[in-house]
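Enquirer: let's see this in three dimensions:
(2 chains)
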Number of protein chains: 2
Amino acid sequence: MKYASIGPVTTHFFVFAQPPASLTLESGRSLSHVTVAFETYGNLNAQKSNAILVCHALSGDAHAGGISIEDNSPGWWDGMIGPGKALDTDKYFIICSNVLGGCRGTTGPSSNNPLTGKPYALDFPLITIADMVEAQRNLIDSFGIEKLLCVIGGSMGGMQALQWASAYPERVRAAIPIATALKHSPQQIAFDEVIRQSIMADPAWRQGYYYEHGQPEKGLAVARMIGHITFMSDLSMEEKFSRKLKNEKLSFQFTDDFEVEGYLRYRGNNFVKRFDANSYLYITKAMDYFDLSGDKFMPGVKKSPVKFLVISFKSDWLYPSYQSQDIVRVLKQKHAYTTYFDLTSTYGHDAFLIEIADETRLIRNFLANIRID
Amino acid sequence: MKYASIGPVTTHFFVFAQPPASLTLESGRSLSHVTVAFETYGNLNAQKSNAILVCHALSGDAHAGGISIEDNSPGWWDGMIGPGKALDTDKYFIICSNVLGGCRGTTGPSSNNPLTGKPYALDFPLITIADMVEAQRNLIDSFGIEKLLCVIGGSMGGMQALQWASAYPERVRAAIPIATALKHSPQQIAFDEVIRQSIMADPAWRQGYYYEHGQPEKGLAVARMIGHITFMSDLSMEEKFSRKLKNEKLSFQFTDDFEVEGYLRYRGNNFVKRFDANSYLYITKAMDYFDLSGDKFMPGVKKSPVKFLVISFKSDWLYPSYQSQDIVRVLKQKHAYTTYFDLTSTYGHDAFLIEIADETRLIRNFLANIRID
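Expert: Alright, predicted model coming up:
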């Protein structure tokens, strides 16, 4: 069955934390003039009880579904969002917002610092996953939504889903964390640190104050190349590239002899056109700081009112299945209604963006059992 | 049982390919004035039949055993080489040489180009694993050794062991490839490509012609950090670092909050003091080009005269066990006497440098059955 896209969409902007109000951050610092970029699909019902918040991953944005009227691009989860799809816009009101610290419309290090009139750059305070969720909560409040039907996301989006359930168990009926973790392992921190070091090693980074001069393109491209390796599996790379050459023979020069090299260079160079290097630093740091393990999850709650669907992918070595199983273990301690699937896929961490059919089957069934009213 | 080190050692230099002679490379280009740096431990017997060639990995060198009289450092495989050890210097004559393209005494991109009197830099021709073995063969010939008792090495050292057996089956009695592969997978190529891109992204690399100005330190440090992540396993990082902080609290700054970050920064910064960035480029490219899969191994040979011990480590995800099993499969097709062990270790790819006790047991038994004469 093939479902239609929801068609043309555009991004909206919600401005909150205008002085004297401000957003107090986990670090103790605060931000005023906070804008959240968001998109919505479908209609909010009269009881405001059918809202699903979709949370994006590291380099995602608010454009999750439909076709952008600005640049004709499909949303990053368009296969999941629309009439008849897993996140069915005939039933649900879908909201997706760009994260705090991002560079796709929500306030982040590339936004203007109202104190200087120039981009914050490294004067932007470090933010956490909890801070991202606080920005989203302000957006949800602005709709008058008391309780979300569901919060869903993959990777860092899954961290936000967990954070929502943990911080606001009474405001979320269900949560679907996909291919994610309660906390980064040292290996995940290590990859993020190398990504940050790669950006910071580029003299064009200028200690973060590069906005008048242009991006640290080379460092950011290398950072993204590292990311892309971790998003794929050994097997999916073998299936896609094997040792295929770009040309007939080895060049015996330092060119991209192998297709996989050309792919990485292409992805790296493309990324610098659409993503701010400082946002990459801030968001990776937020992921590394995230830790809801053990007692830190749903503190004080004996029995979770939130229902969970947890999904991992067997070939995902960046967020290995054992991390999702750790989530399930913590949920069981909270006596939460929990369904867990470890899906077979060769796509590695990217699977949460690709395995639409499997995710649709699981998510549709799970949501069908969540009371809308 | 604890065995003594062989004590003070020093590196020697063997100069060959002086004009009019030269070393013809796989690329078709040639090199004259080639020097090979090497160390030896133990004594060559009268029949010259007890020689074992040890081949080093990516960033290794000729100093495999003993204590360097230059800087007091122990050899990188000192636990394996010495009286009573796996590579027993009471029985065997051990040779280890720095690879062609390296920067630790053997001719490489940082060596003087006799045509210009300046370092070759990027005028150095691309070299292959087969070219490295040809340089070693010249060294072996200079000793008058007709037949090596064994060629042994881990990682890229294992590639050289395979290349020796494949190119010179009549000159090697036994080969011990450890934690290695017949060819790099696209994931391995991808990591190498990102490593190269990281070096090349540093403006201090100056298209390779940096020798008058100093190393591209930042790019090389990031490159090495990437390497270090791939050398360890998820579990060994968890055991060594977990999420331990360097200080009491999170800094909410872009410092190395976690011990694993400090470790990577330290290893990266240390590496630039001892290793030439261009050598890193040349050697990773040689590994990516290496391919002895299928019919390319021991061409024309029906029954391998070489005996093999193949070792892999279960937690090694950079050179996963299935690659060693691919080696075993090709060896079986050549009807080679083959012993294979997939050792349990949490250390990942680093295991071949660390799991000395297990390797000693296997290698000592295997070598005991190889006729010295």
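
Enquirer: all helices for the stretch 151-300 of chain A, in order.
Expert: Using DSSP state H, counting those that start in this stretch, the helices of the stretch 151-300 of chain A run over A:156-167, A:186-201, A:217-231, A:234-240, A:259-274, A:277-289.

Enquirer: could you identify which of those is most buried?
Expert: helix A:156-167 (a mean of 27; mean count of other C-beta atoms under 10 Å in any protein chain shown). From N, CA and C alone the C-beta is placed, and that goes for glycine too.

Enquirer: could you list the buried residues of stretch A:320-333?
Expert: Across stretch A:320-333, burial judged by 16 or more other C-beta atoms under 10 Å in any protein chain shown covers A:320, A:321, A:323, A:324, A:326, A:327, A:328, A:330, A:331.

Enquirer: quick one: contacts of it?
Expert: The contact list for stretch A:320-333, computed with C-beta atoms under 8 Å, 6 or more residues apart in numbering or on different chains, reads A:162, A:177, A:179-182, A:185, A:292-294, A:297, A:304, A:308, A:310-314, A:338, A:340, A:342, B:234.

Enquirer: how about the residues of the stretch 101-250 of chain A by chain B?
Expert: Neighbours of chain B within the stretch 101-250 of chain A, by C-beta under 8 Å from any C-beta of the partner chain: A:122, A:125-126, A:183-187, A:189-191, A:193-194, A:196-198, A:200-203, A:218-219, A:221-222, A:225-226, A:228-229, A:232, A:234, A:237-238, A:240-243, A:250.

Enquirer: mind doing that once more with 6 Å?
Expert: Proximity of the stretch 101-250 of chain A to chain B (C-beta under 6 Å from any C-beta of the partner chain) is limited to residues A:126, A:186-187, A:189-190, A:193-194, A:197-198, A:201, A:218, A:222, A:225-226, A:229, A:234, A:237, A:241, A:250.

Enquirer: any chance of the buried residues of stretch A:320-333 in CSV, plus secondary structure and pLDDT?
Expert: Conversion of those to CSV gives the following (DSSP: H, G, I helix; E, B strand; the rest coil; pLDDT from 0 to 100):
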residue, secondary structure, pLDDT
A:320, coil, 98
A:321, helix, 98
A:323, helix, 98
A:324, helix, 98
A:326, helix, 98
A:327, helix, 98
A:328, helix, 98
A:330, helix, 98
A:331, helix, 98
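
Enquirer: which one of these is nearest chain B?
Expert: When the buried residues of stretch A:320-333 are ranked by distance to chain B (C-beta to the nearest C-beta), residue A:320 comes first, at 7.0 Å.

Enquirer: span of stretch A:85-104 from start to end?
Expert: In terms of C-alpha to C-alpha, to the nearest Å, the two terminal residues of stretch A:85-104 are separated by 26 Å.

Enquirer: repeat that for stretch A:87-95.
Expert: Span of stretch A:87-95 from end to end, C-alpha to C-alpha: 11 Å.

Enquirer: can you mark which positions in that stretch are buried?
Expert: A:87, A:88, A:89, A:91, A:92, A:93, A:94, A:95.

Enquirer: OK, contacts around the residue nearest to the spatial centre of chain A?
Expert: Closest residue to the average C-alpha location of chain A: residue A:57 at 1.6 Å, with C-alpha atoms, centre = their mean. For residue A:57, the contact set (C-beta atoms under 6 Å, 6 or more residues apart in numbering or on different chains) comprises A:154, A:155, A:156, A:157.

Enquirer: just send the buried residues of stretch A:320-333 back as CSV, with distance to residue A:284 too.
Expert: Shown next, in CSV, are those (distance: C-beta to C-beta, whole Å):
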residue, distance to residue A:284
A:320, 19
A:321, 22
A:323, 17
A:324, 21
A:326, 21
A:327, 21
A:328, 26
A:330, 24
A:331, 26
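
Enquirer: shaky segments in the stretch 1-150 of chain A?
Expert: A:1-3 (pLDDT under 70).

Enquirer: ranges for the helices of it?
Expert: Under DSSP H, counting those that start in this stretch, the stretch 1-150 of chain A gives helices at A:129-142.

Enquirer: on that earlier part again, using PyMOL, make a named selection holding only the buried ones among the contacts of stretch A:320-333.
Expert: Restricted to buried positions by 16+ other C-beta under 10 Å, the PyMOL selection for those reads:
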select buried, (chain A and resi 162+177+179+180+181+182+185+292+293+297+304+308+310+311+312+313+338+340+342) or (chain B and resi 234)
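
Enquirer: keep only those of the contacts of stretch A:320-333 that are in strands.
Expert: A:177, A:308, A:310, A:311, A:312, A:313, A:338, A:340, A:342 (DSSP state E).

Enquirer: residue contacts, residue A:298?
Expert: Contacts of residue A:298 (C-beta under 6 Å, 6+ apart): A:166, A:169, A:334.

Enquirer: actually residue A:101, not the one I wrote
Expert: Per C-beta under 6 Å, 6+ apart, neighbours of residue A:101: A:108, A:127, A:282, A:283.

Enquirer: domains for chain A, by residue range?
Expert: Using automatic domain parsing, the domain parsing of chain A gives A:8-183+A:292-368, A:188-286.

Enquirer: among those domains, which is nearest residue B:67?
Expert: The closest of those to residue B:67 is domain A:188-286. By C-beta to C-beta, the value is 32.0 Å.

Enquirer: averaged pLDDT, that closest one. What do you get?
Expert: The average of the pLDDT scores along domain A:188-286 is 97.

Enquirer: endpoints of it, how far apart?
Expert: With C-alpha to C-alpha as the measure, what separates the two termini of domain A:188-286 is 12 Å.

Enquirer: if we can go back for a sec, possible to save the domains of chain A as CSV with distance to residue B:61?
Expert: As requested, the domains of chain A are exported to CSV (distance: least, C-beta to C-beta, whole Å):
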stretch, distance to residue B:61
domain A:8-183+A:292-368, 32
domain A:188-286, 23
